[in-house]
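Undergrad: Sharing a sequence plus its predicted fold:
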Amino acid sequence: MKKQIATNHAPKAVGPYSQGVQAGDFLFASGQIPLDPATGMIVEGAIDVQAKRVFENLKAVLNEADLDFSNVVSATVYLADINDFAAVNSVYSDYFTGEVLPARCAVQVAALPKGAQVEVSCVAYRG
C-alpha cells in the first residue's frame, strides 16, 4: 500500500507528482529545489544558502512521515555546476551525521527547474 506525503512546510508540488510517497517501510521523497515554501520563490543567495533551503524542504517532507535524516538510505544530488560540489557537500554534512551515511550520487545537469542551482531527492527507510 502506498500513501501520499504532503506538508505545508515544504513547497507544494508544481506538477503531477507528490512531495513524497510512502510505500511500506520506504519513503520516496521527490527532488527539492531551494523554493521558500511561504513564497514559492527560489531563495536568493550563494549555493550554500540554496542548499540549506533544499535540505530544510527535505527535512519537512521526512518529518511529515515521522522520519528524519538518519532514516535516509539513498540520496541524489543534482547540481547546475559541479564546481559547487564542495559547498553543497559541506551543507549536506550538517544534515547527514549518523554512523551509517546514505548511499549517494551527485551529478551535474544541464538545467534545473526555475533556474535552481541544486536539487536533492532521497529514499528513507523506517526500520
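TA: Done, it's in.

Undergrad: and after the longest helix that the chain contains, which helix or strand comes next?
TA: Longest helix in the chain, counting residues (DSSP state H): helix 47-64. Downstream of helix 47-64, the first helix or strand assigned by DSSP states H and E is strand 72-79.

Undergrad: how far away is Ala13 from Ala111?
TA: 19 Å (C-beta to C-beta, to the nearest Å). The C-beta positions use only the backbone N, C-alpha and C, and glycine is treated the same way.

Undergrad: you'd agree Ala103 is up against Thr76?
TA: No: assessed by C-beta atoms under 8 Å, Ala103 is found out of contact with Thr76, at 9.5 Å.

Undergrad: Those two: which has the busier surroundings?
TA: Between Ala103 and Thr76, counted using other C-beta atoms under 10 Å, the more crowded position is Thr76 (16 against 11).

Undergrad: Neighbour count: Ala13 and Ala111, which is higher?
TA: Ala13 (13 against 9).

Undergrad: Now do the contacts for that one.
TA: Ala6, Gln19, Ser30 (C-beta atoms under 8 Å, 6 or more residues apart in numbering).

Undergrad: before we move on, what about Gln22?
TA: With C-beta under 8 Å, 6+ apart, Gln22 has these contacts: Lys2, Lys3, Gln4, Ile5, Phe28, Ala65.

Undergrad: Out of the residues you listed, give me the one that has the most neighbours.
TA: Neighbour-wise, those (other C-beta under 10 Å) top out at Ile5, 23 neighbours.

Undergrad: Ramachandran coordinates for that one?
TA: Main-chain torsions, Ile5, degrees, to the nearest 10: phi -110, psi 130.

Undergrad: Not counting its neighbours along the chain, what's nearest it?
TA: Counting by C-beta to C-beta, 6 or more residues apart in numbering, Ile5 lies nearest to Gly20, which is 3.5 Å off, once chain neighbours are set aside.

Undergrad: give me the number of residues near the one you found?
TA: Gly20 has 28 nearby residues by other C-beta under 10 Å.

Undergrad: these two touch, right, it and Gly31?
TA: No: the criterion here is C-beta under 8 Å, and Gly20 misses it with Gly31 at 10.9 Å.
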